[in-house]
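K.L.:
Sequence and predicted structure, then a few things I'm wondering about:
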Protein chains: 2
Amino acid sequence: MKVDVIQKVMKINDEVAASLRDRLAAMGLASVNLLSGPGAGKTTLIETAIRALEGRVRLGVVEGDPDTALDAERIARAGAPVVQINTGGGCHLEANLVDRALGRLPLQEIDLLLIENVGNLVCPTDYDLGETMRVGVVSTAEGHDKPIKYPKLFRTVDMVILNKIDLLPYVDFDVDVFLKHVESLKPGMPVLQVSCTTGEGIATWTHWLAHLARAQTPPR
Amino acid sequence: MKVDVIQKVMKINDEVAASLRDRLAAMGLASVNLLSGPGAGKTTLIETAIRALEGRVRLGVVEGDPDTALDAERIARAGAPVVQINTGGGCHLEANLVDRALGRLPLQEIDLLLIENVGNLVCPTDYDLGETMRVGVVSTAEGHDKPIKYPKLFRTVDMVILNKIDLLPYVDFDVDVFLKHVESLKPGMPVLQVSCTTGEGIATWTHWLAHLARAQTPPR
């Protein structure tokens, strides 16, 4: 009974996501769905990209959190149009929430859409948001075992960002083991190692975003 | 429709949890439900407690993760009886899972039961596991905004552990703001500041556990 109802919810989400994907593709607008646990650094990665790409690629942002508009305020200060979604007790974004949020963004003035999901390594997995690319973020402070402990999510992403590599000297994190784990879940998965504090790897992150913004974005 | 079904699941969980609480209370066995995002350091806090309390307080552990038995292996190496629960796509433990796991622990040889929930700051909130105490863990690497972004969970805990304080010099984390946020959610909430790397605050954590193990544990 529970399974039936949840599957129905998923089916409706998939339909809304497909329609969203078609609409964004028709506008030539690519989108990135950012997934991670709480505090892995998604917002800072977005802020850093907004500032690095200023004048070249115009980013628009949808922020998802159970509560507060703290992240949207940070993004607005960094200079990008943003809409905050508060999910309350909800542990992930859904396509219909993103669909409604887009009505409040100036889509004609945006080159690339970034969607920051709720901090959660389980629930967002099954919810297609119509995104072009899905990126999973892990911070070095979380430990190298995260991908294999949460394998379903990491199998669905197109790229992994290993964030806060400036903390490597101070935490128990084996980069080689982490890379091996990621490779075991999805052979060939690209992994970017970055630090928003030192700036290491940020150029690769922003080049990747700029490339995505310029590419054709057919429905995948 | 969805709400009805989920409420029914919650009601069954509450009933199983109440029966579990009564059974543990009858044995004089207190329990702690540990909640945090992924990688906040719950397992290391448990390992540290097992080693620090060796010969004085016998801990038994239930480990919850979507996948792998990595945490149970770590706990077993630290010297405590442990059962691993794998939730697959599930984002939290439920009382019936804990109930079944307890059948595989030598409860007569345990003074205190520690339950490590799935790394998640949303889903475990509403699921009573029959625990005596609920502890929320946040790592300094996650940022001081976590409590107010995930207020529902932090309002349900009896104590907060601010973990990885050895990283404070390297991360953007304002302890005063964090403490103010926690206080705003639940006035008078105790907050332990600890580091399993330097050992700072660990004596307070293990004294708290030892006290709980020796206290009478009536159903709360």
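P.N.:
Good, I have the coordinates.
K.L.:
Going by C-alpha atoms from here, please, whenever you check contacts or count neighbours.
P.N.:
Noted.
K.L.:
got any ranges where chain A has weak pLDDT?
P.N.:
By pLDDT under 70, the weakly predicted segments of chain A are A:1-4, A:6, A:216-220.
K.L.:
Any residues of chain A in contact with chain B? List them.
P.N.:
A:1-2, A:5-6, A:37-41, A:65-68, A:89-91, A:119-123, A:141-143, A:146, A:148-152, A:167, A:170 (Cα under 8 Å from any Cα of the partner chain).
K.L.:
PyMOL command for the buried members of those residues?
P.N.:
In PyMOL, this line selects whichever of the residues of chain A next to chain B come out buried by 16 or more other Cα atoms under 10 Å in any protein chain shown:
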select buried, chain A and resi 37+38+39+40+41+65+66+67+68+89+90+91+119+120+121+122+123+141+142+143+146+148+149+150+151+152+167
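K.L.:
so of the residues of chain A next to chain B, which ones are in strands?
P.N.:
Within the residues of chain A next to chain B, residues falling in strands by DSSP state E are residue A:65.
K.L.:
For residue A:199, which three-state class applies?
P.N.:
coil (DSSP: H, G, I helix; E, B strand; the rest coil).
K.L.:
any idea how far it lies from residue A:49?
P.N.:
11 Å (Cα to Cα, to the nearest Å).
K.L.:
So which of the two has more stuff around it?
P.N.:
residue A:49 (22 against 12; other Cα atoms under 10 Å in any protein chain shown).
K.L.:
Can you tell me the closest non-neighbouring residue to that one?
P.N.:
In space, and not counting its chain neighbours, residue A:49 is closest to residue A:206: 5.7 Å by Cα to Cα, 6 or more residues apart in numbering or on different chains.
K.L.:
Kindly report the same for residue A:202.
P.N.:
residue A:194 (6.0 Å).
K.L.:
quick one, phi/psi of the one you found?
P.N.:
Per-residue torsions, residue A:194: phi -140, psi 160 (degrees, to the nearest 10).
K.L.:
so who does it touch?
P.N.:
A:161-165, A:200-202 (Cα atoms under 8 Å, 6 or more residues apart in numbering or on different chains).
K.L.:
burial of residue A:190, as a residue count?
P.N.:
Neighbours of residue A:190 under the rule other Cα under 10 Å: 15.
K.L.:
That one and chain B: what is the separation?
P.N.:
For residue A:190, the distance to chain B equals 22 Å [Cα to the nearest Cα, to the nearest Å].
K.L.:
name the helices or strands packed onto the helix or strand residue A:162 falls within?
P.N.:
For residue A:162, the host element (DSSP states H and E) is strand A:159-163. Packed against strand A:159-163, as judged by 3 or more Cα pairs under 8 Å, 6 or more residues apart in numbering or on different chains; DSSP states H and E, are the following elements: strand A:133-139, strand A:191-193.
K.L.:
Tabulate those strands (TSV), appending mean neighbour count.
P.N.:
TSV is the format used below for these (neighbours: other Cα atoms under 10 Å in any protein chain shown):
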stretch	mean neighbour count
strand A:133-139	23
strand A:191-193	18
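K.L.:
Just send those back as CSV, with distance to residue B:14 too.
P.N.:
Formatted as CSV, these follow (distance: least, Cα to Cα, whole Å):
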stretch, distance to residue B:14
strand A:133-139, 34
strand A:191-193, 42
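K.L.:
Can you check which of those gets nearest to residue B:106?
P.N.:
strand A:133-139 (36.3 Å; Cα to Cα).
K.L.:
List of residues touching the closest one?
P.N.:
A:31-37, A:40-42, A:146, A:154, A:156-165.
K.L.:
Just the buried residues out of these, in PyMOL syntax.
P.N.:
A single PyMOL command selects the buried members of these (16+ other Cα under 10 Å):
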select buried, chain A and resi 31+32+33+34+35+36+37+40+41+42+146+154+156+157+158+159+160+161+162+163+164+165
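K.L.:
Which residue lies nearest the spatial centre of chain A?
P.N.:
Centroid-nearest residue in chain A, with Cα atoms, centre = their mean: residue A:34, separated by 0.8 Å.
K.L.:
separation between residue A:130 and residue A:176?
P.N.:
From residue A:130 to residue A:176 the distance is 33 Å (Cα to Cα).
K.L.:
who has more neighbours, those two?
P.N.:
More crowded of residue A:130 and residue A:176, by other Cα under 10 Å: residue A:130, with 30 against 10.
K.L.:
what is the residue nearest to the centre of chain A paired to in the beta sheet?
P.N.:
Beta-bridge partners recorded for residue A:34 (DSSP bridges): residue A:116, residue A:135.
K.L.:
ranges for the helices of chain A?
P.N.:
In chain A, the helices defined using DSSP state H lie at A:2-26, A:42-52, A:70-78, A:95-102, A:146-149, A:151-156, A:175-185, A:202-214.
K.L.:
Would you convert those helices into a markdown table that also reports distance to residue B:76?
P.N.:
As requested, these are exported to a markdown table (distance: least, Cα to Cα, whole Å):
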| stretch | distance to residue B:76 |
| --- | --- |
| helix A:2-26 | 35 |
| helix A:42-52 | 34 |
| helix A:70-78 | 40 |
| helix A:95-102 | 42 |
| helix A:146-149 | 18 |
| helix A:151-156 | 23 |
| helix A:175-185 | 22 |
| helix A:202-214 | 40 |
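K.L.:
quick one: which of these is nearest residue B:110?
P.N.:
helix A:146-149 (27.5 Å).
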